[in-house]
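Q: Show me the folded form of this:
(one chain, ligands or ions: 1)
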Amino acid sequence: MPDKIRVAVIGAGALANRVHYPSLRAMPDVEIVALCDLVESKCQSTGDAFGISRRYTDYRRMLDAEKADAVYVLMPPYHLFDITMDVIERGLHVFIEKPPAVTTFQAESLALKAASKGVRTMVGFNRRFIPLMRQVRAMVESQGPINHCVSVFYKAMPEALYYRGAIDYLHCDAIHAVDALRWMGGAVDEVASVMGHFGWTRENACHAVVKFASGGTGVLMTNWATGGRVHTFEMHAQGISAFIDPDREARIYTPESPQGRVITTQESAGTDEWHVYYGFFGENRHFIDCLKEGKEPETNFTEAARSMRLVDDLYAAAA
Ligand SMILES: NC(=O)c1ccc[n+]([C@@H]2O[C@H](COP(=O)([O-])OP(=O)(O)OC[C@H]3O[C@@H](n4cnc5c(N)ncnc54)[C@H](O)[C@@H]3O)[C@@H](O)[C@H]2O)c1
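A: Model prediction:
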């Protein structure tokens, strides 16, 4: 890989403008060579905002014309599959947002195709890259293996319709909590779950207990029929317990610190910029570093498909 990674970006939407373009723009070893969006005005405004002069409304034309090392595909899951396949088939490395697909089968197809072409892949499961989450996990694991962890994700959105019903809330959004549970506890051996449909005809809650291959246990609590957004985590090992709210702070209890040591999320990240302390800059940095060092990204397509598969298992266990 060259010292400077040449990136082309497909999608100039809200999240992309808020977190991915600023993260890539800030990296001296990345050049955003071109961008593409179906909507001409979005091409122009994002191009102007981030100083990207080469702009396209047809991504195939962009891929053929530009010499990119890697491509970002940043759009809703029901648009992702064909575009991501086209990128992989051209032998280009690829970063996509979560969820990686509408179905697990699609996610696995993308992973298999990427493996056959030898390209690096990554899905933006940013919770794993939140500096506070990584710092706390290292602190807990320094005392011993995680024997119990908890992932909580609540929202006040009982009619959990994503993209007019193209995908369910658990595969689309609460998958952040599912993926983080796997990141904390490792491979899952057994699943018990209950689905809820509170004030709505379709599933908008899932509560589950899992047993990890390590012997530890994990608890998942997701509910879209609550009072508001709460997204928190717990990690426990013998002699240490951490309660983490990555929007704010973590409190870590040990026998020496029974009142709990507090670390704020901004303190951990060294900044109060949201896209940095909430893990978006870190995931982008990780992808670029993996390309430069020839390493497999932590949240590659195979790994992301495992989180999709666990969501399938949560539904199946509740049936
Ligand atoms: N990690 C997180 O916490 C988080 C948060 C919000 C959203 N997301 C994910 O990120 C995805 C992208 O978010 P966003 O806010 O940037 O999306 P968005 O819907 O605002 O923008 C998507 C853009 O893609 C463009 N597009 C669609 N099809 C295209 C095509 N064939 N060629 C070129 N452009 C095309 C659209 O015109 C649009 O501008 C979301 O769908 C969601 O899955 C993740």
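Q: Mind pulling up the pLDDT for residue 1?
A: The model reports residue 1 with a pLDDT of 68.
Q: Could you pull up the contacting residues of residue 112?
A: If you count contacts by CB atoms under 8 Å, 6 or more residues apart in numbering, residue 112 has none. (Glycine included, C-beta is placed from N, CA and C.)
Q: what helix or strand does it sit in?
A: For residue 112, the host element (DSSP states H and E) is helix 104-117.
Q: List the neighbouring strands of the helix or strand that that helix is followed by plus their orientation.
A: Proceeding N to C from helix 104-117, the next assigned helix or strand is strand 121-124, under DSSP H and E. Strands flanking strand 121-124 in the sheet, each with its direction: strand 93-97 (parallel) (DSSP bridges).
Q: What angle do helix 104-117 and the partner strand make with each other?
A: Put simply, strand 93-97 runs at 160 degrees to helix 104-117, going by axes from the mean of the first three to the mean of the last three CA atoms, to 10 degrees.
Q: Restrict strand 93-97 to CA atoms and write it as CSV.
A: Extracted C-alpha coordinates of strand 93-97, given in CSV (Å, rounded to 0.1, in the frame of the first residue of the first chain):
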residue,chain,number,x,y,z
HIS,A,93,-11.1,-2.3,-0.4
VAL,A,94,-14.4,-1.2,1.0
PHE,A,95,-15.9,0.4,4.1
ILE,A,96,-19.7,0.4,4.7
GLU,A,97,-21.9,1.6,7.4
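Q: what separates it from the chain centre, distance-wise?
A: Distance of strand 93-97 from its chain centroid, counting by CA atoms, centre = their mean, to the nearest Å, is 11 Å.
Q: contact partners of it?
A: Here strand 93-97 makes contact (CB under 8 Å, 6+ apart) with 15, 69-75, 80, 84, 87-88, 114, 119-124, 284, 287, 291.
Q: then stretch 282-301 to CSV, C-alphas only?
A: What follows is stretch 282-301, C-alpha atoms only, in CSV (Å, rounded to 0.1, in the frame of the first residue of the first chain):
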residue,chain,number,x,y,z
GLY,A,282,-11.3,5.7,15.5
GLU,A,283,-13.1,3.3,13.2
ASN,A,284,-11.9,5.3,10.2
ARG,A,285,-8.4,5.4,11.5
HIS,A,286,-8.5,1.7,12.2
PHE,A,287,-9.6,0.9,8.6
ILE,A,288,-6.9,3.1,7.0
ASP,A,289,-4.2,1.6,9.4
CYS,A,290,-5.3,-1.9,8.4
LEU,A,291,-4.9,-1.1,4.7
LYS,A,292,-1.4,0.4,5.3
GLU,A,293,-0.3,-2.5,7.5
GLY,A,294,-2.0,-5.3,5.4
LYS,A,295,-4.1,-6.4,8.4
GLU,A,296,-7.7,-7.6,8.6
PRO,A,297,-10.0,-4.9,10.1
GLU,A,298,-11.7,-5.9,13.4
THR,A,299,-15.2,-5.4,12.1
ASN,A,300,-14.6,-7.0,8.7
PHE,A,301,-17.6,-8.4,6.7
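Q: Could you tell me the average pLDDT over it, please?
A: On average, stretch 282-301 scores 98.
Q: quick one, phi psi at the residue of the stretch 201-319 of the chain found nearest the ligand?
A: Of all residues in the stretch 201-319 of the chain, the one sitting closest to the ligand is residue 280 (7.3 Å; CB to the nearest ligand atom). Phi and psi for residue 280, reported as degrees, to the nearest 10, are phi -70, psi -40.
Q: quick one, what contacts it?
A: Contacts of residue 280 (CB under 8 Å, 6+ apart): 19, 20, 23, 124, 126, 129.
Q: Check residue 25 too.
A: 32, 50, 51.
Q: Fine by me, we can end here.
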